[in-house]
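In: The sequence isn't on hand, but the structure is:
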C-alpha cells in the first residue's frame, strides 16, 4: 500500500458559500476524513484505536489555499504522515484536481490519548511502532508549519455564543469543524465579498462541552492577518486561531 | 435509466452527534444531494436550469426515521419523483442499507422559479414536460405527507440568533440545511439523551439573508410533538417546522 492516501470528494452545493466556493470548515472536514481513511487502512485508525482505549486528538490544523474548489467540482485530498514522535505525529495534506491542478495544502499535528485517563500516550506502542513504516518525508508540503499563535492582552472581545446540540461531536466535545465555522463567522458577508482566506490555522487547546459559552477575542496582527482566542466562561482558553486573508 | 436513483453515502464521524448517529441536518443534506444527482442525470438538474434562468426551490421537507445510521455506516438514499404538477413536484426518499435494512423515508415538495423575477414558473415547459417521463407513483413511501403546520399565537419565544457567513448558501440566502440545525438546537443535549427524532418536517416560506436576526417560537402540540415558527425582525415568517420525538 502506498504511503500517500488519495480520497475523492466533491464540493457539494450546500457545502459552498455565497461565492459558490467550498466552505473552509467543510474542507477541514474532508481533510479529517481523509486522515481517518488513511490511518484506518494502515492499521492505526480511530475505529481500531477505540477498541484498545486510545484515540487520536487533533492538536493543530493549518490550511493554505490558492483557490477553493468551485461547487460541483470533484477534487482529491492526499494525505500522508510526515513524521512521528512519541507523543505527536504530523500529517500533511494536498488538495489536487483530477487534472493535476493544486488547490492548496494542509498540515496537522495529532496526539494520541488514553480515552479513560485522557492523558497522552506513546504512539509507538501501537502495533510495535507500526506508524514508522508509513513515514513519507520526501513529499513536498510547501506551506509554513505554523506554531504558537502569539497574541497580546489587547485582543478585542467580539461576541459570546452558547454552544448547542449540533456543535457536539461523537465524543461529547465541541466539534473541531464547528470551531472553524465559528471563527470564520467573526467576519461578515461584506468582508468575504472583498477577501478570500489565504491561510487558516487553529490550535485546539482545551475541550469544551454543550452549553459552554464561548467568547471570541480578535486581534489584528498584520495588514490582513488576524488572531483569535476562544475562551470558556471561566477564562480557560479552548482554541487559538490565525486567519490570513488576501 | 431507472426512474429511481440510488446514491451511497457514509455517516462521517464529524457528521454524527454525541450518540454517534448521523445528525438530521446532514441526512437532509444527503437527501438534497441525491435529489440534485437524480434530476441532473435526467436532464432537469440545477446545473442545467441555471443556464436557462430557472431554479428548483425546496418548499417542504419531511423526514421520518426508525433509526439514524451509526457512524461509519454506509447507506443509500433512493429518490424518485412521485408526481409533478405545473407549479409543484413531489419527490420522495428512502434511506436503505446495503443489507436491505430500511432506516426511514422522506418526502419533499419543490417549486421552480425564474431566477430573475423570483416568480414560480411552469415545470412542464422544461424540455417539453420531460419530467413526466420520470414519474414513479407505485413505489411506496409510507409516511405522512404532512401539510400546513398549525400553530396558535401562544407559541413561546425561545431565542433570537444572528445569521452569519456560514449560514449563507450559494444563492445568498440562508441555507436550507442550516435552518434544520437551528431548529433542532432548540433542544439541548439532556433532551437528546432521552429522546430521538421520530419525524422532522419543515416548510420554507420566505427567504432570509446574512445578518438577519431569526427568532424562534415554539409550541407544544402533542405529548412529544412541537411546532416551531422562525421569524425575521419585521415579523415575516421564514420557516415553520414540526418535530416529533420518541
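Out: Yep, it's here. These numbers come from a predicted model, not from an experiment. Numbers count the residues shown, from 1 in each chain, chains lettered A, B, ... in the order given.
In: On the pLDDT front, check the nearest residue to residue A:65 once chain neighbours are set aside for me.
Out: Residue nearest to residue A:65 in three dimensions, not counting chain neighbours: residue A:104, with 3.4 Å by CB to CB, 6 or more residues apart in numbering or on different chains. Bear in mind the C-beta positions are built from the backbone N, C-alpha and C, glycine included. At residue A:104, the model reports a pLDDT of 98.
In: List the residues that contact residue A:104.
Out: A:63, A:64, A:65, A:66, A:67, A:94, A:95, A:143 (CB atoms under 8 Å, 6 or more residues apart in numbering or on different chains).
In: could you flag which of the residues you listed are buried?
Out: A:63, A:64, A:65, A:94, A:95, A:143 (16 or more other CB atoms under 10 Å in any protein chain shown).
In: Just give the nearest non-adjacent residue to the residue most central in space within chain A, would you?
Out: Nearest residue to the geometric centre of chain A (CA atoms, centre = their mean): residue A:61, 3.8 Å. Leaving aside its chain neighbours, residue A:61 sits nearest to residue A:108 (4.8 Å; criterion: CB to CB, 6+ apart).
In: just to revisit the earlier point, may I ask which helix or strand encompasses the residue nearest to residue A:65?
Out: Secondary structure assignment for residue A:104, by DSSP states H and E: strand A:102-114.
In: quick one: that strand to chain centroid distance?
Out: Strand A:102-114 has its C-alpha centroid displaced from the chain centroid by 7 Å (CA atoms, centre = their mean, to the nearest Å).
In: Show me what the mean pLDDT comes to for the biggest helix by length in chain A.
Out: Longest helix of chain A, by residue count under DSSP state H: helix A:24-41. Per-residue pLDDT over helix A:24-41 has a mean of 97.
In: And chain B, is it touching that?
Out: Yes: counting by CB under 8 Å from any CB of the partner chain, contacts between helix A:24-41 and chain B involve A:25, A:29, A:32, A:33, A:36.
In: which secondary structure elements does that helix contact?
Out: Counting contacts by 3 or more CB pairs under 8 Å, 6 or more residues apart in numbering or on different chains; DSSP states H and E, helix A:24-41 packs against strand A:5-10, helix A:46-51, strand A:54-65, strand A:74-84, strand A:89-96, strand A:102-114, helix A:176-184, strand A:197-204.
In: Excluding chain neighbours, give the residue nearest to residue A:119 in space.
Out: residue A:113 (6.3 Å).
In: I'd say the residue nearest to the centre of chain A and residue A:179 touch.
Out: No: look at residue A:61 against residue A:179 with CB atoms under 8 Å: they stay out of range, at 9.8 Å.
In: Overlap in contacts, these two.
Out: Residues within reach of residue A:61 and of residue A:179 at once, by CB under 8 Å, 6+ apart, are residue A:202.
In: what residues are up against the closest residue to residue A:162 other than its chain neighbours?
Out: Of all residues not flanking residue A:162 in the chain, residue A:213 sits nearest, at 5.5 Å (CB to CB, 6+ apart). Counting by CB under 8 Å, 6+ apart, residue A:213 touches A:160, A:161, A:162, A:163, A:232, A:233.
In: Sitting in strands, which of these do you find?
Out: A:160, A:161, A:162 (DSSP state E).
In: Most neighbours of all those residues, which one?
Out: residue A:161 (17 neighbours; other CB atoms under 10 Å in any protein chain shown).
In: show me what contacts that residue?
Out: A:182, A:213, A:214, A:216.
In: can I see the domain layout of chain A?
Out: A:5-134, A:156-245 (automatic domain parsing).
In: Distance from the shortest one to the middle of the chain?
Out: The chain centroid and the centroid of domain A:156-245 are separated by 12 Å under CA atoms, centre = their mean.
In: and if you look at the longest one?
Out: Average the C-alpha atoms of domain A:5-134, do the same for its chain, and the two points are 8 Å apart (CA atoms, centre = their mean).
In: Can I get the residues of helix A:24-41 next to chain B in CSV including neighbour count and distance to residue A:200?
Out: Output for the residues of helix A:24-41 next to chain B, formatted as CSV (neighbours: other CB atoms under 10 Å in any protein chain shown; distance: CB to CB, whole Å):
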residue, neighbour count, distance to residue A:200
A:25, 24, 9
A:29, 22, 13
A:32, 23, 14
A:33, 19, 17
A:36, 20, 20
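In: contact partners of the lowest-mean-pLDDT helix or strand in chain A?
Out: In chain A, no helix or strand scores lower on mean pLDDT, DSSP states H and E than helix A:46-51, which sits at a mean of 90. The contact list for helix A:46-51, computed with CB under 8 Å, 6+ apart, reads A:36, A:39, A:40, A:55, A:56, A:112, A:115, A:126, B:13, B:72.
In: redo that, cut-off 6 Å
Out: Applying CB atoms under 6 Å, 6 or more residues apart in numbering or on different chains, the contact partners of helix A:46-51 are A:36, A:40, A:55.
In: where does residue A:209 land in three-state SS?
Out: coil (DSSP: H, G, I helix; E, B strand; the rest coil).
In: ok, back up a step: and the strand holding residue A:104 with helix A:24-41, angle?
Out: When axes from the mean of the first three to the mean of the last three CA atoms, to 10 degrees is applied, the directions of strand A:102-114 and helix A:24-41 differ by 60 degrees.
In: what angle do the longest helix of chain A and strand A:197-204 make?
Out: 60 degrees.
In: who in chain A is up against chain B?
Out: A:12-14, A:16, A:18, A:20, A:29, A:33, A:71, A:164-166, A:168, A:170, A:172, A:177, A:181, A:185, A:189, A:192, A:210 (CB under 6 Å from any CB of the partner chain).
In: try it again with 7 Å
Out: Residues of chain A that fall close to chain B, judged by CB under 7 Å from any CB of the partner chain: A:12-14, A:16-18, A:20, A:23, A:25, A:29, A:32-33, A:36, A:47, A:71-72, A:164-166, A:168-170, A:172, A:175, A:177, A:181, A:184-185, A:187-189, A:192, A:210-211.
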